[in-house]
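*Asks:* I would like to see how this sequence folds:
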Amino acid sequence: THAQDLGRERRCRMKPAFFIILLLLLMVPGCGETPSEFRPLPAALGDLRGVAMGFERLQPLDQGIYSAWLRLEKGDRVGIGTFNVNSNGQPVDAQGSVIDRFTASESLFSAISILIAIEPTGDIGDAPSEFVILQGPFIDGIATLVVPFPAGIQEASGSYRVFTPTDGPNTNEGSGVWAIDANGQPTMTLADINNIYMYEHFVVINGMPVTMGRFRTTNTKDLRNPWSGPLNSEAPAVPGEDFLANAPAGLTFPADLSGSQLLVTLEALYDDRVEPSQLVVLEGTLPTVVGGEIIQLANQTANFPTGT
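*Replies:* Purely as a prediction, here's the structure:
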């Protein structure tokens, strides 16, 4: 019964609402098991079609929707539904009601992994979008989900220098940030990017995130310089931006960056949105600036979302 299942959860001391587990229609797994490798659940256990999900630090989406997909042992992808999340990390439907269980259209005893993707437009096709935010293998019917981030990203570090090389010396020096020191050396240490994401950096000015462009490596320019001054050829070969021209609606350039927030994020490779994702790798805040300041960034990867 439902009450018995809740009792079993208490005895196993599992965290409420923060789990992903295949639900057997005929039985539930016993307490105290610590599986160490993937083992598909045998079909003899019964018809297997339900998946319950919960998350930590996965943020509710204002635009788009999450989708969940299982990969079966034979390689097929099976979509099991879409959802948003509430503040407790529970999946919810469009009306905000908690989704206790997703049900697939076929038996899932051979499911080997699960992934969660963000569908930016809310439209779902025959496969997940490129923005995979969580994934993990099933071990005895339980999956621990993590961001498929590049190896070594937990050691990422970096800083920005405040100055504006694209409008000449001693001009609006507090209106630009570049990942370079006074000796011309790059100041970011980031993991080699994988085939899922690119890095993108932002300045949040008066609460408005403004992109500085995407990049793959820290010793080359990023892919955009929409706000820089007339001397763009003087820009160093590192990620960075001067906020001098072509201000977006609601802002005035040259910008006073004092008090602004700096973000380096992971963004889906083929997603062209200009809002920062929830996968913040590095973060910092500018003090009152006049030019020449070095702004250290803090690693934020411990705050990546998870599911267990």
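
*Asks:* any chance you could map the helices in the stretch 101-250 of the chain?
*Replies:* Taking DSSP state H, counting those that start in this stretch as the criterion, the stretch 101-250 of the chain carries no helices.

*Asks:* point out where it drops to low pLDDT.
*Replies:* By pLDDT under 70, the weakly predicted segments of the stretch 101-250 of the chain are 106.

*Asks:* please enumerate the strands of it.
*Replies:* For the stretch 101-250 of the chain, the strands defined by DSSP state E, counting those that start in this stretch cover 102-103, 111-119, 132-139, 142-143, 158-162, 176-178, 197-205, 208-215, 240-242.

*Asks:* which one, of those strands, ends up nearest to W69?
*Replies:* strand 111-119 (5.3 Å; C-beta to C-beta). C-beta coordinates here come from the backbone N, C-alpha and C atoms, glycine included.

*Asks:* what about the strands of the stretch 101-250 of the chain, which gets the closest to P150?
*Replies:* Set against P150 and scored by C-beta to C-beta, those come closest in strand 197-205, at 7.2 Å.

*Asks:* any chance of CSV for the strands of the stretch 101-250 of the chain, columns distance to Q95 and mean neighbour count?
*Replies:* Converted to CSV, the strands of the stretch 101-250 of the chain look like this (distance: least, C-beta to C-beta, whole Å; neighbours: other C-beta atoms under 10 Å):
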stretch, distance to Q95, mean neighbour count
strand 102-103, 16, 15
strand 111-119, 18, 21
strand 132-139, 23, 20
strand 142-143, 27, 21
strand 158-162, 42, 23
strand 176-178, 43, 27
strand 197-205, 32, 23
strand 208-215, 29, 20
strand 240-242, 41, 27
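
*Asks:* just put those in JSON lines and tack on distance to K74.
*Replies:* JSON lines is the format used below for the strands of the stretch 101-250 of the chain (distance: least, C-beta to C-beta, whole Å):
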{"stretch": "strand 102-103", "distance to K74": "20"}
{"stretch": "strand 111-119", "distance to K74": "10"}
{"stretch": "strand 132-139", "distance to K74": "15"}
{"stretch": "strand 142-143", "distance to K74": "18"}
{"stretch": "strand 158-162", "distance to K74": "43"}
{"stretch": "strand 176-178", "distance to K74": "50"}
{"stretch": "strand 197-205", "distance to K74": "28"}
{"stretch": "strand 208-215", "distance to K74": "36"}
{"stretch": "strand 240-242", "distance to K74": "48"}
